[in-house]
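> What would the 3D arrangement of this be:
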Amino acid sequence: MLQALKDNPLRAPNWRWLRAVEVDAAGPRPSKRRDGEDGFPWIRRAIRLKRRHALNANRPNALYALAQADSELFWAHSIWANEKAPTRWAIEARILAGEADADIAKKIGCSPDIITAYESVFFNVREKLDHSEYIVNVVMADAVARGLSERQYDLLWKMFGYQGGSLVLDAMISKFTLMRRPEKAEDVSAFFQESAINSMRHKAAVAALTVPINSHTQLLLLDAYVKYVEIERTTENTSKANTNIVQNIGAMLTALPFKVGTKLDSEGDKMVPFDNGAAELRGDELMIVSSGGKIQNQLTIENLRFPGE
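As a prediction, the model looks like this:
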């Protein structure tokens, strides 16, 4: 079985389990040379587990004993054998996201040794994480070859986890980004609003990966892209306009004889909003000085101070 060979560039993520199956079916015995120093002991453990599990599948009491004999590998196999279990998908996605065994175990609620056993026998990809072609073409081959549907959470989690890392994967799995809990009743509405926005962003990201391109969708996709570019351009122009307005207001305030906000606060990170002058300009005087003119008794007015200063 070529997929079960350690040196195969396209080896399956569960190659060590496949080797155990092969040996159990009277194949070649595992060896340190063929299966590596790390793979050899795991394959031997997997062979024992497979044989004992097959003998005792219908004997609950015997399975309890097996769970005690090799607890870590027993529970790792139990998770892996359930192909529809979100826990399995989460573990594999978190391994692809680069999370440590202890961190994954804390989120799953199990011993780190179970995660170690799972990665070693059923999803041995850590040494391949830097080889992006292997991850894309072998680990996530179904997603590349057939495309995705929204219900294929296992592949979606793996793709977002591998590309975005742990924090992105947390949001994909829980469908919540980190939001501040409301402390007052009036903050609840803002919480729901932020939740709705985050949910729409999540759905948009999923849709971008799962919507197929065909004669029915291509025009809709192009239209959506054009609208997105327009929104992005408008937002950029608005941002520039706001910056220009702020700069112009700042230049006008700098020209005034009464310098508003001319000193830094005690921490040195923002301007004090008012000076210590004792006079204010009228509207007509403001117009004159902002256009570069001089008002009557300007120097005297500038030097006015409150009593006691």
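> what sits against residue 80?
14, 17, 88, 118, 121-123 (C-beta atoms under 8 Å, 6 or more residues apart in numbering). No exception for glycine: its C-beta is placed from N, CA and C like everyone else's.
> Now name the helix or strand holding it.
helix 71-81 (DSSP states H and E).
> show me where pLDDT drops low in the stretch 1-150 of the chain?
Applying pLDDT under 70 to the stretch 1-150 of the chain picks out residues 1, 57, 142-150.
> just the helices in it please.
15-24, 32-56, 60-69, 71-81, 86-96, 101-108, 112-121, 132-134, 141-146 (DSSP state H, counting those that start in this stretch).
> For residue 296, which of those is the nearest?
helix 101-108 (72.5 Å; C-beta to C-beta).
> what does that closest one contact?
87, 90-91, 94-95, 111-116, 119, 166.
> Narrow the residues you listed to those that are buried.
Neighbour counting by 16 or more other C-beta atoms under 10 Å classes 90-91, 94-95, 112, 114-116, 119, 166 among the contacts of helix 101-108 as buried.
> how about residue 154, what does it touch?
Applying C-beta under 8 Å, 6+ apart to residue 154 gives the contacts 88-89, 92-93.
> would you turn those residues into a markdown table with neighbour count and distance to residue 106?
Below are those laid out as a markdown table (neighbours: other C-beta atoms under 10 Å; distance: C-beta to C-beta, whole Å):
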| residue | neighbour count | distance to residue 106 |
| --- | --- | --- |
| 88 | 20 | 17 |
| 89 | 20 | 18 |
| 92 | 24 | 17 |
| 93 | 26 | 15 |
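> can you put these in CSV and add distance to residue 194?
Converted to CSV, the contacts of residue 154 look like this (distance: C-beta to C-beta, whole Å):
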residue, distance to residue 194
88, 31
89, 27
92, 30
93, 25
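> Output stretch 39-57 as CSV, nothing but the C-alphas.
This file holds the C-alpha atoms of stretch 39-57, laid out as CSV (Å, rounded to 0.1, in the frame of the first residue of the first chain):
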residue,chain,number,x,y,z
GLY,A,39,6.7,5.8,13.4
PHE,A,40,7.8,2.4,14.4
PRO,A,41,6.5,2.4,18.0
TRP,A,42,3.2,4.1,17.0
ILE,A,43,2.6,1.5,14.3
ARG,A,44,3.2,-1.3,16.8
ARG,A,45,0.8,0.2,19.3
ALA,A,46,-1.8,0.7,16.5
ILE,A,47,-1.5,-3.0,15.5
ARG,A,48,-2.2,-4.1,19.1
LEU,A,49,-5.1,-1.8,19.4
LYS,A,50,-6.6,-2.9,16.1
ARG,A,51,-6.3,-6.6,16.9
ARG,A,52,-7.7,-6.2,20.4
HIS,A,53,-10.5,-4.0,19.2
ALA,A,54,-11.5,-6.5,16.6
LEU,A,55,-11.6,-9.4,19.1
ASN,A,56,-13.6,-7.5,21.7
ALA,A,57,-15.9,-5.2,19.6
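> Buried residues, it. List them.
Here stretch 39-57 shows 39-40, 42-50, 52-53 as buried, counting by 16+ other C-beta under 10 Å.
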